[in-house]
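Student: quick check, what structure comes out for this input:
(chains A, B, C and D)
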Protein chains: 2
Amino acid sequence: MLVPIRADDLQQLCSFIFLMYDALRTYINKYASTEIADGEFELIKNSFAPKHYRKNQYLLQEGEVCKYSTFIVKGAVRQYTVDQKGIEHIVNLCTENWWVGDRESFTMLTPSIYNIDAVEETDVLLSSKANFMQLENTVPVFSTVLPTMDFKNQVATQKRINAQISFTAEERYLNLLETNPALLQQFPQTMIASYLGVSAETISRIRKKVHQ
Amino acid sequence: MLVPIRADDLQQLCSFIFLMYDALRTYINKYASTEIADGEFELIKNSFAPKHYRKNQYLLQEGEVCKYSTFIVKGAVRQYTVDQKGIEHIVNLCTENWWVGDRESFTMLTPSIYNIDAVEETDVLLSSKANFMQLENTVPVFSTVLPTMDFKNQVATQKRINAQISFTAEERYLNLLETNPALLQQFPQTMIASYLGVSAETISRIRKKVHQ
DNA sequence: CTTCATGATTGACAAATGTCAATCCGATTT
DNA sequence: AAATCGGATTGACATTTGTCAATCATGAAG
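Tutor: Sure thing, here's the model as predicted:
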C-alpha cells in the first residue's frame, strides 16, 4: 500500500530521524577513543529504532520486563518506585544524552520494580536486548564505550549514596544545585523533592531560605 | 640472605597463601561461564599480592590515590567519608569475597575522597592498576567476570538508593535484616547505623522496638 | 580481682522533616 | 472574563530523628 505524503513533509521527517541518530553518534564519539567509522555506525543505526513518547506516557511499568535499552535524544523521563501508600519515589531523573532502563530487568528478564515515564514530550532510540548484545560483540567502539558509561554511572551513584547518608535535606539541595543545576530547570520541584528523598513542602521551604 | 624457618612453619605459611589464592579462584569460577584453566589462573595469581591488614589499619586514606584493586579473602573493611564535623559516614561495608577500593581514584588516578580501613584482622589480595589492566586484556575469564561484577554491584547500589529515599530508618533496618543479615553480625551497631544513614541511638531504639 | 575501653542503651530535650489543609499563582481552556 | 488545572507556597501541628549526657554491659588487659 502506498500512502501519499507531501515532499516537504517527507523531507522534514527524514532529516528529523537523521538528527536523532546523529545525537547517538556524537554521544558515542565523545566517549570513544577513536572516531566512529561510517560502516560501524551503520550497524549501530540498524540496531536502534526511533520512538516518540508523549508526556506522561510509560516507557516501562512495574511488573513488565524491560525490553529495551533506551537512549534519550530529546526530552526528559523519570524512573521511580511506588510504595504501599502510593507515594512515588524517584530513583533517577534522565534527560538528553542519557540512557534509561532497568538494567536488572533488561539483563535478567525479570519483572521490573520500577516505573519509567516521560515527563515531557520525549524522543528516544530503542535497542532490543538481542540487538544490543550483538552490537557489544560485533562493534568494537560500542564495547569500549559501554564500560566507560558504567564507570561514570557507578561513580555518580556512589556519590549520591554518600550525599544521601551524610547530608541534610538542605545540603543535598545545595549539592544538586552545584553539581547538576540543569535538573532543577528541567523538572518540577515536586520531582526534585522526591529525587532528593524529601517532601515537596520541605524543598519549597529550603528554596525560600536559600534564595532569600 | 637466608633466614632459618621451621619446616612446620614454612609448610603452614605456604598452605595459608595457597588458601588465599584458592578463595579468589573459587570466586571467579562462580561468576564465570567456564571453569578457569590452570594456566590462566597462574596469570591471575601472578598479578595479585597477598597482604594482611591489622584491625583499624588503613587500606586507603582520604587524599591518597587508590593504587590497588583489593579482593577480600577474610575479614571485614569499611569505606567512609568524614564530614566537616568529623563524623564518619559509611558508604560501604565489605566482607569476604568482595572487592573494595575507590574505583574513581583507581581509574582516574585522582585523590580519593574516601577512607577505607580494616574493621577486624583482614587478609586480602592486591592487584595494581597495571597488573589489573593486563589481566583484563590477556585473561578472557577475567574480562568476562568483571562486567558481571559491575552489573551486580550497580543493581545493588540502585536498590540502596531506592531504600534511602523511600524508606524510614526502621524500614531500612528491617530491609537490611532481610536482605543482608550477615552484615548485622559482622559489624558493630554503630557502623550499621552509619551505613543506614542514622544515628547509633536511633538504631538502638529501633532494635529494641523490633525485637520486642 | 580491678581497671579500662568499647559499644550499647536510656532518658530528656531539640531540631529537622513530614503531614494536612488552605491558598496562591500562572498558564490554558472554555 | 470565568473556570480550571497543576504546581508551589504557607501555616499549624505531629512525628521522626538527632544530640547530649549518663549509665550499663562486656570483654580484654593489667
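
Student: following the lengthiest helix in chain A, which helix or strand comes up?
Tutor: Secondary structure assigned by DSSP state H gives helix A:140-166 as the longest helix of chain A. For helix A:140-166, the following helix or strand on the C-terminal side (DSSP states H and E) is helix A:169-179.

Student: for that next one, name the packing helices and strands.
Tutor: For helix A:169-179, the packing partners by 3 or more Cβ pairs under 8 Å, 6 or more residues apart in numbering or on different chains; DSSP states H and E come out as helix A:140-166, helix A:181-186, helix A:189-196, helix A:200-210. Where C-beta positions appear, they are placed from N, C-alpha and C, glycine not excepted.

Student: what average pLDDT does the shortest one get?
Tutor: Looking back up the chat, that one is helix A:181-186. Across helix A:181-186, the average pLDDT comes to 95.

Student: name the residues that touch that helix?
Tutor: A:76, A:93, A:95, A:119, A:176-177, A:192, A:195 (Cβ atoms under 8 Å, 6 or more residues apart in numbering or on different chains).

Student: what two of those are the furthest from one another?
Tutor: The span of these, defined through Cβ to Cβ, is set by A:119 and A:177 at 19.3 Å.

Student: for those two, indicate the residue with more neighbours.
Tutor: residue A:119 (19 against 15; other Cβ atoms under 10 Å in any protein chain shown).

Student: so what's the backbone phi/psi at that one?
Tutor: Note on residue A:119: backbone dihedrals following degrees, to the nearest 10 are phi -90, psi -20.

Student: now do the contacts for it.
Tutor: A:55, A:75-78, A:186-188, A:191.

Student: show me where chain A dips below the pLDDT cut-off.
Tutor: A:1-16 (pLDDT under 70).

Student: now residue A:39: how far from residue A:136?
Tutor: The gap separating residue A:39 from residue A:136 is 17 Å, by Cβ to Cβ, to the nearest Å.

Student: these two: which has the busier surroundings?
Tutor: Between residue A:39 and residue A:136, residue A:136 has the larger neighbour count (other Cβ under 10 Å), namely 13 against 8.

Student: show me which residues of chain A sit near DNA strand C.
Tutor: A:168-170, A:197-199, A:201-202 (Cβ under 7 Å from any atom of the strand).

Student: in TSV: those residues, plus neighbour count.
Tutor: Shown next, in TSV, are those (neighbours: other Cβ atoms under 10 Å in any protein chain shown):
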residue	neighbour count
A:168	10
A:169	16
A:170	17
A:197	20
A:198	19
A:199	14
A:201	9
A:202	15
